[in-house]
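Visitor: Make a model of this:
(one chain, ligands or ions: 2)
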Amino acid sequence: MDMTLSKGAIDFIDDAYIFRLLEQKEDAGKVREVLAKSLEKKALNLEETAALLAVKSPDLLEEIYQAARKLKREVYGNRIVLFAPLYIGNHCVNDCLYCGFRRSLTTTVRRTLSDEELVREVKSLEAEGHKRLILVYGETPAYSPEFIAHTVEVVYATKNGHGEIRRVNINAAPLDIEGFKTVKQAGIGTYQIFQETYHKETYAQYHPANTLKGNFMWRLDGMDRAFQAGCDDMGIGALFGLYDWRFEVMGLVSHALHLQGRYGVGPHTISFPRIQPANGLDLALPYQTTDAQFKQLVAVLRLAVPYTGLIMTARESPAIRDEVMEFGVSQIDAGTRLEIGAYHEKESITDAQKLEKEQFQIGDNRTLDEAIGWLLSRDFIPSFCTSCYRVGRTGEHFMEYAIPGFIGRFCTPNAIMTLAEYLKDYAGERTRKEGEALIARELAKMPEDEMKRGLMERLRNLAEEDKRDQLF
Ligand code: SAM
Ligand code: SF4
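Guide: Numbering: from 1, shown residues only. Ligands and ions are numbered 1, 2, ... in the order given. Next comes the predicted model:
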């Protein structure tokens, strides 16, 4: 690996400035001004974000939640995009103290999927109805950019009846510029790298200096190298529980503003995992994020970066997912299994997790069909849409949220089409009925125009002629 940083690399996390901003006290007048700005779909600066993070009184917090809910409905509509993580291998040269894959753990069962095993996993996921995956890797020279690109190609080439994976995202270590070019050529969707913590001293505490990941700046600069390699679809994240949650939100917003300022494109997604129990994990976590803080941080992120997708993973319990969803989440994973090989090998998703084989414990082990049933009962449209990325609407062209009417013209009809495919091919009886009722309700809301006629025609093509993947 070429350890050269990106052109013009800088540490854009200004700790002193962030601490100063976080000292401000709750100010209702200012908070309302910031909420008004956010509801005009304008991104917030760090000072405005800090004003929302300072809020403690329940009434004012409620105003923040109301605004986040409204913005979510206006910007994203009621779609929730579904995906599944697929762990490719858990060998790792790093020793991150919170992770069940860290190299010093001798009890961890190490495994990398062979091509054959990967194909079996993908077929099992396709048989459930999945269309979007995120491939996850430890960090070791064997998981090179060429290896990652190869696994992506295997996934795209694997079909199962009507099942196919239409978008493959990646969560792996930061690469050098050549490495990013290699994975881009394989047709990846989003490349996610979580900074874990934006606080340098804490970072050093959890990531030993004699490991690759111990290099804070190499990781922070990862997105810049990706952009300079021509990737424009990137995901950032922080692991909540390592340091003060308010600082991490400021770090995430600093990162988004930096990318937007320098490349004209912000991150496509932000993730906010909370630390979960893991094999060999015996950490005292003084900063473990409470449910109330979690709720506030999601709402504040929604308001601060209105055009960035927010991902809430199955680390969270069904109850928390249910509560937090409406404050601005746009994507969730469902039917999640973390054990390597488990989509094919495990009898049932509810089998107990075997932590020595997994990265951490999950909170939501419902099947994909159960998760879809839950979304439908909350009047969300479960979506497997992959249209923008496949017709080239990414990066600076990926202005779906900014263009008036875009969601109505593209996102909602695509969500309905992919849901209809799921209902026809994979849904249980009850989910199918609820899904059909939701589609009927959505159709009834639409004006009688060209778009609706196009959608009705495609739905007929699916029902009568078995035509699939009819993109808007
Ligand atoms: N090895 C790559 C890396 O570190 O960038 C891929 C990431 S790792 C397999 C995926 C993410 O899981 C990490 O970035 C971290 O944020 C998160 N993670 C690690 N241990 C965790 C735990 N105990 N609970 C919740 N999330 C955890
Ligand atoms: Fe390895 Fe990633 Fe786990 Fe760190 S978080 S030990 S780099 S798999």
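Visitor: which stretches of this structure have low pLDDT?
Guide: Judged by pLDDT under 70, the chain has its weakly predicted residues at 347-351, 394-405.
Visitor: Spell out which parts of it neighbour ligand 1.
Guide: Within the chain, the positions near ligand 1 by Cβ under 6 Å from any ligand atom are 98-99, 136-139, 171-173, 193-194, 196, 239, 273, 275-276, 278, 281, 315, 359-360. Where C-beta positions appear, they are placed from N, C-alpha and C, glycine not excepted.
Visitor: Give me the distance from the top strand by length along the chain to the chain's centre.
Guide: Longest among the strand segments of the chain by residue count, using DSSP state E, is strand 79-89. A distance of 8 Å separates the C-alpha centroid of strand 79-89 from that of its chain, computed with Cα atoms, centre = their mean, to the nearest Å.
Visitor: cool, stretch 85-93 as well?
Guide: 17 Å.
Visitor: repeat for stretch 259-278
Guide: Counting by Cα atoms, centre = their mean, stretch 259-278 comes out at 8 Å from the chain centroid.
Visitor: And ligand 2, is that stretch touching that?
Guide: No - Stretch 259-278 is not in contact with ligand 2 by Cβ under 6 Å from any ligand atom; minimum separation 9.1 Å.
Visitor: how about that stretch: buried residues?
Guide: For stretch 259-278, a neighbour-count test (16 or more other Cβ atoms under 10 Å) marks 259-260, 262-263, 265-276, 278 as buried.
Visitor: for stretch 222-241, same thing?
Guide: By neighbour count on 16+ other Cβ under 10 Å, the buried set for stretch 222-241 is 222-229, 231-241.
Visitor: May I have it exported as CSV, CA atoms only?
Guide: Output in CSV follows, covering the C-alpha atoms of stretch 222-241 (Å, rounded to 0.1, in the frame of the first residue of the first chain):
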residue,chain,number,x,y,z
GLY,A,222,-9.5,8.1,3.4
MET,A,223,-12.5,9.9,1.9
ASP,A,224,-10.3,12.5,0.3
ARG,A,225,-8.2,9.8,-1.4
ALA,A,226,-11.4,8.1,-2.6
PHE,A,227,-12.7,11.4,-4.1
GLN,A,228,-9.3,12.0,-5.7
ALA,A,229,-9.5,8.5,-7.2
GLY,A,230,-12.9,9.3,-8.8
CYS,A,231,-15.2,7.7,-6.2
ASP,A,232,-18.1,10.1,-5.3
ASP,A,233,-20.3,7.9,-3.3
MET,A,234,-18.9,7.6,0.2
GLY,A,235,-20.3,6.8,3.6
ILE,A,236,-18.9,8.2,6.9
GLY,A,237,-19.7,7.1,10.5
ALA,A,238,-18.7,7.3,14.1
LEU,A,239,-18.8,4.5,16.7
PHE,A,240,-20.8,5.9,19.6
GLY,A,241,-19.6,5.1,23.0
